[in-house]
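Provide a 3D model corresponding to the input given below.
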Amino acid sequence: MAANPIQNLFRVPELKDKILFTLFILFVYRLGSHITVPGLDVGALRVAAGNLQDTFFGIYDMFVGGGLSRATILALGIMPYISASIMFQLLAAVFPTIEKLQKEGEEGRKKLTQWTRYTTIGLSAVQAYGYAVFLQAIQGAVANPGFGFVFTTVFTLTVGAIFVMWLGEQITEHGIGNGMSLLIFFSIIQTFPAAVARTWESFMLGEIGAFSLVALLAVVIGVTAGVVAMTMAARKIPVQIPRKVVGRGRIREGQKSFIPLRVNSAGVMPIIFAQSFIVVPGTAAAFFDVGPLRTLSEIFTPQTWPYYVTYGLLIVFFTYFYTAIIFNPVDIAENLKKQGAFIPGVKPGARTAEYIDRVLTRVTLPGSIYLALIALVPFWIFDIFNITTFFFGGTSLLIVVGVGLDTVQQAQQMLLLRHYDGFMKKGRVKMRGRGRYM
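Have a look, this model is predicted:
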């Protein structure tokens, strides 16, 4: 019988230490998510937060595991760092200096990381100040409003964001998986048990029928399977590496490889961008009581067709936009040309770049439609069955599946490396026994 994969993870001492270290950091992050900012009435905040779920507040609150609605010291989460990273990624397409640093290897990455950290501190302070002003605007939420409360809140939340950034870096360096992604992953999944409990309670009270519950379970499983399949799907462009003379007459045989163009190269970013744009009318109407804004907010209210159509088109647009930012066919063509590699039937250089761009454009279309459906299907299902106790959005589902797959792949790579090292050691022992080991 095949060995239990969970047991295999803990049989490798190095991998076991990394997993336990990661779990410990997540435990510390979870503890910080229960410490409230001083001088605040959380009850009054939760009442106000309930009316802001379809605004920027609701989206941000999802990424930090409800930290904003509870006003914890880690309420900003890892999002300031993520925002700073995305900002430099987008600026690289505009400023050649940043693009040059990205291509300079380890030294360039270290400098960009330092800039990202400084930008994170600035973004955290600005977001903390805006959050403090928002808290003071809630009636009865702040016991002693004024400069003292604002200063304390800004300082506390900024330090908390820096601490979360440090936690993420520790996971990346000493744990398993990408620390920043795992913190968002953990923030999202920690809300699932409560949602499942509320759904079961509604079922027991007769608010949700048996058919609706079975349909909900089937949709969750089906959509998750679809996300996994599309996340792994890729169009492989064949690449031929010719035979080459290396060193003193040695010949390196030709090789065949491929360039994987993922159907979903942009990941979850198009949905995040689209959400940020689609909630603008509702966010503005929530804070500014102006007639035109209220009308626009009513038109783009969730569960309406103008909202669905606009949201879907924005996702398709931002899928192409972000793919163009992160994927440069010209650079790939140049790298292939430097290595002497080529795509069979395509001339090296500009023709190769045009071919890759054409294939990428075609592959991105089904990927963008898939992203739009993933984002919209949960809305339709919950409307049809009138389920309000449990919700899994396209954004959260893609993050959970993507981060989960990436972490599992890293663990599998470490297991394979461990088995390979063991195989090589056994081979050296055998050769030593035969007198052939030097």
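
Tell me who's in contact with Ala44.
138-141 (C-beta atoms under 8 Å, 6 or more residues apart in numbering). Yep, even glycine has a C-beta here, placed from its N, CA and C like the rest.

how about the strands in the stretch 151-300 of the chain?
234-241, 244-246, 250-252, 255-262 (DSSP state E, counting those that start in this stretch).

picking that back up, ChimeraX command to pick out the buried ones of the contacts of Ala44?
The ChimeraX command for the buried members of these (criterion: 16 or more other C-beta atoms under 10 Å) is given here:
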select :138,141
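
my guess is Gly345 is in a strand, correct?
No - counting by DSSP: H, G, I helix; E, B strand; the rest coil, Gly345 is not part of a strand but coil.

What values do phi and psi take at it?
Phi and psi for Gly345, reported as degrees, to the nearest 10, are phi 90, psi 0.

cool, Thr304 as well?
Dihedral angles for Thr304 - degrees, to the nearest 10 - are phi -120, psi 150.

Burial check on it, number of neighbours?
Using other C-beta atoms under 10 Å, Thr304 is surrounded by 12 other residues.

Could I get the full set of helices for the stretch 151-300 of the chain?
Counting by DSSP state H, counting those that start in this stretch, one finds helices in the stretch 151-300 of the chain at the ranges 179-189, 192-204, 210-232, 269-278, 280-287, 291-299.

about what we covered before: output the contacts of Ala44 in a markdown table; the columns should cover distance to Gly222 and secondary structure.
Compiled in a markdown table, those are given as follows (distance: C-beta to C-beta, whole Å; DSSP: H, G, I helix; E, B strand; the rest coil):
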| residue | distance to Gly222 | secondary structure |
| --- | --- | --- |
| Ile138 | 40 | coil |
| Gln139 | 44 | coil |
| Gly140 | 45 | coil |
| Ala141 | 42 | coil |
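
In a markdown table, list the contacts of Ala44 along with pLDDT and distance to Ala75.
As requested, these are arranged in a markdown table below (pLDDT from 0 to 100; distance: C-beta to C-beta, whole Å):
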| residue | pLDDT | distance to Ala75 |
| --- | --- | --- |
| Ile138 | 79 | 14 |
| Gln139 | 75 | 20 |
| Gly140 | 75 | 19 |
| Ala141 | 77 | 14 |
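
Pull out the buried residues from stretch 157-167.
For stretch 157-167, by 16+ other C-beta under 10 Å, it's 157-158, 160-162, 164-165, 167.

Just the C-alpha atoms of that stretch, please, in CSV.
Provided in CSV are the C-alpha atoms of stretch 157-167 (Å, rounded to 0.1, in the frame of the first residue of the first chain):
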residue,chain,number,x,y,z
LEU,A,157,-1.9,49.9,12.7
THR,A,158,1.3,50.9,10.9
VAL,A,159,3.5,48.9,13.3
GLY,A,160,1.0,46.1,12.9
ALA,A,161,1.3,46.1,9.1
ILE,A,162,5.1,46.1,9.4
PHE,A,163,4.9,43.2,11.8
VAL,A,164,2.7,41.3,9.4
MET,A,165,5.1,42.0,6.6
TRP,A,166,7.9,40.6,8.7
LEU,A,167,5.9,37.5,9.5
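
What average pLDDT does it get?
For stretch 157-167, mean pLDDT rounds to 92.

Other residues contacting that stretch?
25, 28-29, 32, 37, 72-78, 80-81, 117, 120-121, 124-125, 127-128, 131-132, 179, 183.

cool, and stretch 176-183?
For stretch 176-183, contacts defined as C-beta under 8 Å, 6+ apart pick out 15, 18-19, 22, 25-26, 29, 77-78, 81-82, 85, 164, 167-173, 175, 399, 402-403, 406-407, 410-411, 414.

For ChimeraX, write a command that selects the buried ones of the residues you listed.
Of the contacts of stretch 176-183, the buried ones go into a single ChimeraX selection, burial set by 16+ other C-beta under 10 Å:
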select :15,18,19,22,25,26,29,77,78,81,82,85,164,167,168,170,171,172,175,399,402,403,406,407,411,414
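
residue contacts, the residue lying closest to Leu26 once chain neighbours are set aside?
Spatial nearest neighbour of Leu26, excluding adjacent residues (C-beta to C-beta, 6 or more residues apart in numbering): Phe186 at 5.2 Å. Contact analysis of Phe186 by C-beta under 8 Å, 6+ apart lists 26, 29-30, 65.

do the same with Phe21
Shown in contact with Phe21 (C-beta under 8 Å, 6+ apart): 170-171, 174-175.

just to revisit the earlier point, list only buried entries from the contacts of stretch 157-167.
Listed as buried from the contacts of stretch 157-167 are 25, 29, 32, 37, 72-78, 80-81, 120-121, 124-125, 127-128, 131-132, 179, 183; burial here means 16+ other C-beta under 10 Å.

Using the three-state scheme, assign Gln303.
coil.

so which strand or helix has the nearest residue to it once chain neighbours are set aside?
Closest residue in space to Gln303, ignoring its immediate chain neighbours: Asp383 at 5.8 Å, by C-beta to C-beta, 6+ apart. If you go by DSSP states H and E, Asp383 is part of helix 350-385.

now that helix against strand 255-262, angle please.
Angle, helix 350-385 to strand 255-262, by axes from the mean of the first three to the mean of the last three C-alpha atoms, to 10 degrees: 40 degrees.

Output the contacting helices and strands for helix 350-385.
If contacts are counted by 3 or more C-beta pairs under 8 Å, 6 or more residues apart in numbering; DSSP states H and E, helix 350-385 sits against helix 210-232, strand 234-241, strand 255-262, helix 269-278, helix 305-326, helix 329-339, helix 394-433.

Buried residues in it, which are they?
So for helix 350-385, counting by 16+ other C-beta under 10 Å, buried means 352-353, 355-357, 359-360, 363-364, 367-368, 370-379, 381-382, 385.

any idea how far Pro145 lies from Ala137?
9 Å (C-beta to C-beta, to the nearest Å).

quick one, which of the two is more surrounded?
Regarding Pro145 and Ala137, a neighbour count based on other C-beta under 10 Å identifies Pro145 as having more, with 16 against 12.

okay, and for the stretch 251-400 of the chain, where does confidence drop off?
Along the stretch 251-400 of the chain, segments meeting pLDDT under 70 span 251-254, 280-294, 296-300, 302, 385-394.

who are the neighbours in contact with the closest residue in space to Arg70 that isn't next to it in sequence?
Excluding its sequence neighbours, the residue lying closest to Arg70 (C-beta to C-beta, 6+ apart) is Val42, at 6.0 Å. Residues in contact with Val42 (C-beta under 8 Å, 6+ apart) are 36, 70-71.
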